[in-house]
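Chemist: mind looking at a prediction? Sequence and model below.
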Amino acid sequence: MKKIVFDHVTKYFGTAKAVNDAHFTIQEGEFFTLLGPSGCGKTTLLRTIAGFYRQEEGSIYFGDQLMNDVPTHKRNIGMVFQNYAIFPHMTVFDNVAYGLKARDVGKKEIETRVLEALEMVQLSHLRDRIPSDMSGGQQQRIALARAIVIRPGLLLMDEPLSNLDAKLRIKMRSDIRKLQKELNITTIYVTHDQEEALAVSDRIAVLNEGRIQQIATPQNIYAYPENKFVANFIGTSNFLEGSCGNYDSVTQEADISLLGRSFKLRLNKPYAGGVKFAIRPERIKLQPDSAGSDRSNFRGEIATVTYLGEKVSYIVKLADGSEIDVQQHAIEPHQLLSEKQPVLIDLQLAKAAMFDNEGG
Ligand code: ATP
């Protein structure tokens, strides 16, 4: 399969745009995830790729081939759904063989390819079993084998792990990722689970209300969210309101006013007006506010302490009465701060994302 190109694709339901002007390219061999809250348009976008829906505007290409009017069965795609969609009373072998029989593949080749696919999903020993008395994880492996046995150019997965328990989800997601790499198959994966998306993807597209908010690698989505929605949806962020002015194009610095303090900060583009800082809880550093400590820091007071073993979670009350979340990892017991303790807060603003009033 060549790259997948979305050229200003819009899909309506009535007058509502379930997918609004999707314009991006998925590279050959990429594990690409559509991530967003319920109703954001992930499934609709996936279904337009599969050909179950026809977009009203724009075009979809597989490589240079225009796919707009190519029916699903001619798109050479394998699909895996949340509810497995396998035949419960057919053996594992027959379930996986089904697509090959429909394509008139010879009996001998069917045997070889089904066994190869079952091997890949570690189910060869269960080939003669009936899925209805198998576990959810095993049923999803059958669905995966059935999708890859036809050697599709593109693998589409819609919330494939949602029906599995938490531990099995983690095992299955790494198995899926390993298999995808082995087969080097372009994969488009739909999930609302940000941790799953971060764990498996080469790149993630974050969607909200039908619109793509950002496309980036997991690391960049987390470290450099492009707008307030992404900063809020991926991981957790503290949002602090301030203002910004007097941008100096030579030094690229602007004057920032935040929580009653003024200071200069380097910006990557000019801006003046209200701002919101998004600051990750694990970035913030705290230390006891004792006599002789640095007065140039922000100050606050510990409101609550939650000890969680590998990390400690604090809620810290700031001078203006607002509260922020702070997480510290690998802390020694004697470093634990206590409730009502005054603290100095290093917000690490140079590493924070800063958004304008509209959240952009
Ligand atoms: P979920 O995670 O809940 O499945 P999603 O991100 O996959 O959500 P979609 O199912 O693509 O979202 O739905 C996007 C929008 O389109 C929603 O507002 C939904 O109500 C609407 N929608 C989806 N399918 C249809 C349909 N067949 N007819 C009318 N509206 C639809």
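Modeler: Received, thanks. Fair warning: this is a prediction, and the values are worked out from it, not measured in the lab. Residues are numbered from 1 along each chain as shown.
Chemist: give the buried residues for stretch 55-75.
Modeler: By neighbour count on 16 or more other CB atoms under 10 Å, the buried set for stretch 55-75 is 55, 58, 60-62, 67, 75. Where you see a C-beta, it was placed from the backbone N, CA and C, and this is true even at glycine.
Chemist: would you mind measuring the gap between the ends of that stretch?
Modeler: 16 Å (CA to CA, to the nearest Å).
Chemist: mind listing residues that contact that stretch?
Modeler: Contacting residues not belonging to stretch 55-75 are listed as 1-12, 19, 21-23, 48-52, 54, 153-154 [CB atoms under 8 Å, 6 or more residues apart in numbering].
Chemist: select only the buried ones of those residues in PyMOL?
Modeler: Here is the PyMOL command that selects the buried residues among the contacts of stretch 55-75 (16+ other CB under 10 Å):
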select buried, resi 1+4+5+6+9+10+11+19+22+48+49+51+153+154
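Chemist: related to what we said a few turns ago, from the buried residues of stretch 55-75, which single one is nearest the ligand?
Modeler: For these, the residue nearest the ligand by CB to the nearest ligand atom is Gln55; the value is 12.5 Å.
Chemist: mind checking the SS state of that closest one?
Modeler: Of the three states, Gln55 takes coil under DSSP: H, G, I helix; E, B strand; the rest coil.
Chemist: could you check the pLDDT of it?
Modeler: Looking at Gln55, its pLDDT reads 97.
Chemist: what values do phi and psi take at it?
Modeler: Dihedral pair for Gln55: phi -70, psi 150, per degrees, to the nearest 10.
Chemist: before we move on, back to that, tell me which of the contacts of stretch 55-75 fall in strands.
Modeler: Of the positions in the contacts of stretch 55-75, 4-12, 19, 21-23, 154 sit in strands, assigned by DSSP state E.
Chemist: find the pair from those residues with maximum spatial separation.
Modeler: Farthest apart among the ones in strands among the contacts of stretch 55-75 by CB to CB are Tyr12 and Leu154. That separation is 24.4 Å.
Chemist: dump the ones in strands among the contacts of stretch 55-75 to CSV, plus distance to the ligand and pLDDT.
Modeler: Shown next, in CSV, are the ones in strands among the contacts of stretch 55-75 (distance: CB to the nearest ligand atom, whole Å; pLDDT from 0 to 100):
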residue, distance to the ligand, pLDDT
Ile4, 18, 96
Val5, 20, 97
Phe6, 15, 97
Asp7, 19, 97
His8, 18, 98
Val9, 13, 98
Thr10, 12, 98
Lys11, 8, 98
Tyr12, 9, 97
Val19, 8, 97
Asp21, 15, 97
Ala22, 12, 97
His23, 17, 97
Leu154, 18, 95
